[in-house]
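J.: Test case, fold it:
(2 chains)
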Amino acid sequence: MKSSYVMDIVQEDCRNALKRPEVLGALKGETVLITGGTGFMGTWLAEMIATLNDHFGFGTKLFLLSGRANNLSARAPHIAVRPDVTLIERDIRGLMEIPQEVSWIIHAAGNPDNRVYASEPLRGIEVITRGTAAVLDCATRLPNLKKMLNVSSASIYGNQPDNLEKISEGFFGNLDCASVMSSYAEAKRFAETLCTVYRSQHRLPLVCARPFAFIGPYQMLDRPWAVNNFMRDALLGGAIRILGDGQTVRSYMYPSDMAFWLLRILTDGVPGQNYNVGSPEGVTLLALAEKIADLFPDKPRIASHLLPPGKAQRSRLVPDISLAQNSLGLEITVDLDTAIKRTILWNQAQQKLTKAGESKR
Amino acid sequence: MKKKILISDPTLRDGNHAVKHQLTAEQIARYAEAAEAAQIPIVEVGHGNGLGASSLQVGESAVGDMEMLKAARRKLVRSKLGVHVMPGFATIRKDIEKAVEVGVDVFRVGAHCTEADVTRRHIGYVRERGKEVYGVLMMSHMVSKETLAEESLKMESYGAEGIIIMDSAGAYLPSDVTERIAELVKALNIPVGFHGHNNLGMAVANSVAAAEAGATILDGTVRGFGAGAGNTQLEVLIAVLDKMGYSTGIDFYKLLDAAEIAEREIMKVIPAIQSISIVSGLAGVFSGFSKHVERASKEYGVDPRDLFFELGRRKVVAGQEDLIIEVAMDLAGKKVSR
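T.: So this is what the prediction gives:
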């Protein structure tokens, strides 16, 4: 069983994010299915629903569908054993049926790890395209579906143009479909199109979220993203290694905000609408590395890699979230500094737990 | 401001090919000390084919991997200790984990230029351990610049912090290098590097072409000590780069001293462009095959030049040393049937 400290951090975050639990009242006594239910996003959504049940008497029943259900036993065993949670282990590409009692669906399956799309793009995009089609087909046969949320991705926007400070939902993107590196983003775009078609042809109540970047517990530090690498370098006690001049700009949302936002978009998002989910607070990777370094007693050095002149990677990816803010009253409740602190705390607790487990063996 | 180039020196790794992997711990320590004095940023050490490669098939090294690495580690303070890693030879638990423990700073995970997929776990593991890791694409002349870019993107996605393309056969002309490096610089968001061989006498010119096209990592060995006709000769490369306005942070006089020491204490023979090396460069076959080809051609009574060209035609790559005999036998058979 997880140490209580590791669990405490996440549960405290969930309670803090639920300042107005009543706005999610539509989920009371309902049954929710989450595909990709044992991933980073699925685990946080499950934590949030568990908090709604334990502290606010929601009585929501949860089905978590995953190709690797035992991931959850390793990641969050306390969720896996809850009586209000049912794990369904199934490859989403061959999904034929969803439990008939399901009235809300969050479709979050699909691995965003770009290593998968580099090595096995076919398998990666099949999970997204065939998986989404399978879930949508099953959804058309549900007697009491209230709404389905398709979790898309900010990657469908492609590169943020230099003259655009923030990306809003109306930006149509600039992907290169001829590049194999676009396969994840193109598959996600196609999944959105599928949703549009099912909404039109089958009148399915479908809403879509486009997540940006996150930093927080349950995120695996071996994922090939800058913030994960910085965090891991610092936790290992080495230098934080940064590419080029570190002037690339990203923004990071804490996952308790993410989970609350997704549930709110599910319950109150307007079908047919797409909502950006992320933090509007841009930060350069250099500033991010410094913020992380500052939180360690032996402040790690920040090392820069050589890039050819003029090749400094200076992309920018920051969402405009005014649609979610204005129409659904959503806000960022955990600022970046707090997000980094909590993530480090959680990872340090996790490290101790792993070491303790190893020494017992 | 001078443009910076990161130099990685595989004298004690590629050079091991030139002495059938017989470098001793004392020789390694001696050169590592000289390289440290010259402030060479990365000193690569090990069996010619990298960690875990010592075997009957590609040649057994005189001393074990860890003994070699420890000998160098004791002498390197500012210079980083690097290793070459080829999945298939090197395994994570048996080799990489131990190399991390003895203090290796830089891992260069290499694969044939179309096989980047096999490097994913190795690159991932090195990143997990917080060490520097680069992706290396070998025999890079065998594929188009577009394929090289796609394979490099895979390695970048696995976590490689730079990509080095190797001219393992010494087959490139400067224009080939310019074209490929420019493509990689355009496609990648990480530094790009070049590792040259001198079969056609082009190693320094090719390395300079790489730098001019945007490469920021260059490999070179003193006296060109390495497989076949040898590598890019480091002393010459540093001199030329300096003259062209690049900065490497290397102490030039101390580097010349290191080269003298290496020549005196490590090299039985200084690499030269032998006839057979010119042929292997033209045929586009791995330089490290020379000694195997010489042996097989004697044994089966075939012209080693024919053998090299036939190996090139069959696109044989490093690790397929056993095919050399098969090809030699085929050629011998053809001779008889004529």
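J.: tell me the contacts of residue 102?
T.: I'll assume chain A. A:31-33, A:63, A:142, A:145 (Cβ atoms under 8 Å, 6 or more residues apart in numbering or on different chains). Using the backbone N, CA and C atoms, a C-beta is placed for each residue, glycine as well.
J.: if you could check chain B rather than the one you did, that'd help
T.: Applying Cβ under 8 Å, 6+ apart to B:Val102 gives the contacts B:66, B:69-70, B:73.
J.: Report how many residues lie close to residue 40.
T.: Here I'm looking at chain A. Using other Cβ atoms under 10 Å in any protein chain shown, A:Phe40 has 21 neighbouring residues.
J.: switch to chain B, that's the one I care about
T.: There are 30 residues near B:Ile40, going by other Cβ under 10 Å.
J.: Let me see the contact set for it.
T.: B:7, B:9, B:79, B:234, B:250, B:255, B:258.
J.: and the fourth one, how far is that from B:Val222?
T.: So that's B:Leu234. In this view, B:Leu234 and B:Val222 are 5 Å apart by Cβ to Cβ, to the nearest Å.
J.: can you list residues touching both of those two?
T.: The contact sets of B:Leu234 and B:Val222 overlap at B:9, B:11, B:255, B:259 (Cβ under 8 Å, 6+ apart).
J.: Who wins on neighbours among those?
T.: B:Thr11 (33 neighbours).
J.: nearest residue to that one other than its sequence neighbours?
T.: Here the nearest residue to B:Thr11 in space, its sequence neighbours aside, is B:Thr221; by Cβ to Cβ, 6 or more residues apart in numbering or on different chains that works out to 4.1 Å.
J.: B:Asn16 is in contact with that neighbour, correct?
T.: No. Using Cβ atoms under 8 Å, B:Thr221 is not in contact with B:Asn16, being 10.5 Å away.
J.: Quantify the burial of the residue in the stretch 51-200 of chain A positioned nearest to chain B by counting its neighbouring residues.
T.: Going by Cβ to the nearest Cβ, chain B is nearest to A:Ala118 of the stretch 51-200 of chain A, at 4.0 Å. Neighbour count of A:Ala118, defined by other Cβ under 10 Å: 25.
J.: now it: how far from A:Ala185?
T.: 13 Å.
J.: can you pull the buried residues of the helix ranked longest in chain B?
T.: In chain B, with assignment by DSSP state H, the single longest helix is helix B:322-337. Applying a neighbour-count criterion of 16 or more other Cβ atoms under 10 Å in any protein chain shown, one finds B:323-324, B:327-328, B:330-332 buried in helix B:322-337.
J.: Counting by contacts, list what that helix packs against.
T.: Helices and strands touching helix B:322-337, as assessed by 3 or more Cβ pairs under 8 Å, 6 or more residues apart in numbering or on different chains; DSSP states H and E, comprise helix B:290-300, helix B:304-313.
J.: That one: how far from the chain's middle?
T.: For helix B:322-337, the distance from its own C-alpha centre to the chain's C-alpha centre is 29 Å (Cα atoms, centre = their mean, to the nearest Å).
J.: mind listing the strands for the stretch 1-150 of chain B?
T.: Remark: strands assigned in the stretch 1-150 of chain B by DSSP state E, counting those that start in this stretch are B:3-4, B:6-12, B:42-45, B:80-85, B:106-112, B:132-138.
J.: how about low-confidence regions in the stretch 1-150 of chain B?
T.: Counting by pLDDT under 70, the stretch 1-150 of chain B contains low-confidence ranges at B:1.
J.: closest point of it to chain A, which residue?
T.: Closest residue of the stretch 1-150 of chain B to chain A, Cβ to the nearest Cβ: B:Gly130 (3.6 Å).
J.: That residue touches A:Asp233, doesn't it?
T.: Yes. Here B:Gly130 lies in contact with A:Asp233, judged by Cβ under 8 Å, at a distance of 5.7 Å.
J.: Just want to know which of the two has more residues nearby.
T.: Using other Cβ under 10 Å as the criterion, B:Gly130 and A:Asp233 rank with A:Asp233 on top: 24 against 18.
J.: where does the more buried one land in three-state SS?
T.: The three-state assignment at A:Asp233 reads helix, by DSSP: H, G, I helix; E, B strand; the rest coil.
J.: Setting aside sequence neighbours, what's the nearest residue to it?
T.: A:Ile240 (4.6 Å).
J.: wait, what's in contact with that neighbour?
T.: Contacts for A:Ile240 (Cβ under 8 Å, 6+ apart) come out as A:230, A:233-234, A:289, A:292-293, A:300-303.
J.: same thing but 7 Å
T.: A:Ile240 is in contact with A:230, A:233-234, A:289, A:292-293, A:300, A:302, counting by Cβ atoms under 7 Å, 6 or more residues apart in numbering or on different chains.
J.: Tell me which stretches of the stretch 51-200 of chain B form helices.
T.: Secondary structure of the stretch 51-200 of chain B (DSSP state H, counting those that start in this stretch): helices at B:65-73, B:97-101, B:120-128, B:145-158, B:174-187.
J.: again with chain A
T.: Counting by DSSP H, the helices of chain A are A:4-17, A:40-56, A:70-75, A:77-80, A:114-119, A:121-140, A:183-201, A:226-235, A:255-268, A:285-294, A:322-328, A:336-360.
J.: Sketch out the low-pLDDT regions of the stretch 201-338 of chain B for me.
T.: For the stretch 201-338 of chain B (pLDDT under 70), the answer is B:335-338.
J.: What residues does it have near chain A?
T.: For the stretch 201-338 of chain B, the residues in contact with chain A (Cβ under 7 Å from any Cβ of the partner chain) are B:214, B:216.
J.: Report pLDDT for the nearest residue to A:Ala109 once chain neighbours are set aside.
T.: Excluding its sequence neighbours, the residue lying closest to A:Ala109 (Cβ to Cβ, 6+ apart) is A:Gly36, at 3.5 Å. Here, the pLDDT recorded for A:Gly36 equals 94.
J.: My guess is A:Gly36 contacts A:Gly110. True?
T.: Yes. The pair A:Gly36 / A:Gly110 is scored as a contact, 6.4 Å apart, by Cβ atoms under 7 Å.
J.: what packs against the helix or strand of chain A with the lowest mean pLDDT?
T.: Sorting the helices and strands of chain A by mean pLDDT, DSSP states H and E puts strand A:302-305 at the bottom, at a mean of 82. On a contact count with 3 or more Cβ pairs under 7 Å, 6 or more residues apart in numbering or on different chains; DSSP states H and E, strand A:302-305 meets strand A:240-243, helix A:285-294.
J.: which stretches of the stretch 51-200 of chain A have low pLDDT?
T.: Checking the stretch 51-200 of chain A against pLDDT under 70 turns up nothing.
J.: what does it have sitting close to chain B?
T.: The stretch 51-200 of chain A comes close to chain B at residues A:114-115, A:118-119, A:180-181, as judged by Cβ under 7 Å from any Cβ.
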